[in-house]
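**Student:** Using only what follows, build the 3D model:
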Amino acid sequence: MVPLASPTHEQLLQRRRLLRQQRRSRFWQGSWRLTSSMAVLALLVLGLRQPYWQIRQPEQIQVEGADWVDPAWIRSQLPLRYPLDIWQVQPAVLEGALLGSPTQPSPIESVQVRRRLLPVGVIVQVRERQPIARAMRDDQLGLVDIQGNWVALNSFRSHALDRSTRPLPQLELLGWESHTPEQWALLLKALQQLEIQIEAVDWQGGGAITLRTELGNVYLGPISDRLALQIQTLNQMRDLRRYCDCTPDQIVHIDLTSPTVPTLQLTPSASQERWQLDLP
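**Tutor:** The predicted structure follows:
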């Protein structure tokens, strides 16, 4: 084996100079990268703080899916202080503000909030509660959905409530404050199965339910597990005039407290005419 020759003094000095040059080159390359990154970051932060990236007015809140509810009302419920950087918008907080609470239900059933960069703004996608009835609460008129949620009328847009374009629900609930929303929901879901027109549900005071229908007043009594059978019996009576030969004005009430044996009470004049009775 041939022994390796030892490096000369000149070779060692040249190697040291090369290493120093490499260290200086790496130092300046790292410094340049750091300086460039900091400059880009500074420009980015400065750019993001420009007015273009701010929400400065409610009109930058785009509301989608609102048919009944007034978009202006939706914007007024959002806890935003203008101007606001788009990055400060918290979608979860805004969604919670629009959904209301069990004691103060919102006309919004579900909502999704997302930021929009071009152009800068916020998109609020809502799904509304569908009102099926109207009722008074604390001397204030409101609309009620199938789940028994009562919502004040002032949260709905005025033209949506214009009778010429979209009429208010015709079903009127009397005695709203006498029962819980859950109890009303149970009754309303059952009444959805009716095949006759209902004008009003009177559920005041002691708990007896009276329906004002196209057949006349229908007495159901207190709500019970017979409700489904009562609805079924009432549907079978939708052609009552064919068998009774009487008008709703001649019917005092239809009693369905015993749905298997319904009874019909006529006015005295109608009874006299039908049965040819000599009434005092």
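**Student:** Sketch out the strands for the chain, chain order is fine.
**Tutor:** Using DSSP state E, the strands found in the chain span residues 54-55, 61-64, 84-85, 108-116, 121-128, 131-137, 140-145, 150-152, 172-174, 198-202, 208-213, 216-222, 251-255, 263-266.
**Student:** which residues sit against the fourth one?
**Tutor:** Under the contact criterion CB atoms under 8 Å, 6 or more residues apart in numbering, strand 108-116 has outside partners 62, 69, 74, 86, 89, 91-92, 94-95, 98-100, 121-129, 145. For glycine as for every other residue, the C-beta is placed from the backbone atoms N, C-alpha and C.
**Student:** Got a PyMOL select line for the buried ones in the residues you listed?
**Tutor:** Of the contacts of strand 108-116, the buried ones can be selected in PyMOL as follows, counting by 16 or more other CB atoms under 10 Å:
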select buried, resi 69+74+86+89+94+95+98+100+121+122+124+126+128+129+145
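**Student:** ranges for the helices of this structure?
**Tutor:** If DSSP state H is used as the criterion, the helices of the chain fall at 9-48, 71-76, 91-99, 181-191, 227-236, 240-244, 268-275.
**Student:** closest to Pro259 out of these?
**Tutor:** Put simply, out of the helices of the chain the one that sits nearest Pro259 is helix 227-236, at 4.4 Å, with distance taken as CB to CB.
**Student:** Any idea how far the closest one is from the middle of the chain?
**Tutor:** Mean-position distance between helix 227-236 and its chain equals 31 Å (CA atoms, centre = their mean, to the nearest Å).
**Student:** mind saving the C-alpha coords of that helix as PDB?
**Tutor:** The C-alpha trace of helix 227-236 is given here as PDB (Å, rounded to 0.1, in the frame of the first residue of the first chain):
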ATOM      1  CA  LEU A 227    -106.600  13.200  19.200                       C
ATOM      2  CA  ALA A 228    -105.600  11.100  16.200                       C
ATOM      3  CA  LEU A 229    -108.900   9.200  16.200                       C
ATOM      4  CA  GLN A 230    -110.800  12.500  16.500                       C
ATOM      5  CA  ILE A 231    -109.000  13.900  13.400                       C
ATOM      6  CA  GLN A 232    -109.700  10.700  11.500                       C
ATOM      7  CA  THR A 233    -113.400  10.900  12.400                       C
ATOM      8  CA  LEU A 234    -113.600  14.500  11.500                       C
ATOM      9  CA  ASN A 235    -112.100  13.700   8.000                       C
ATOM     10  CA  GLN A 236    -114.800  11.100   7.500                       C
END
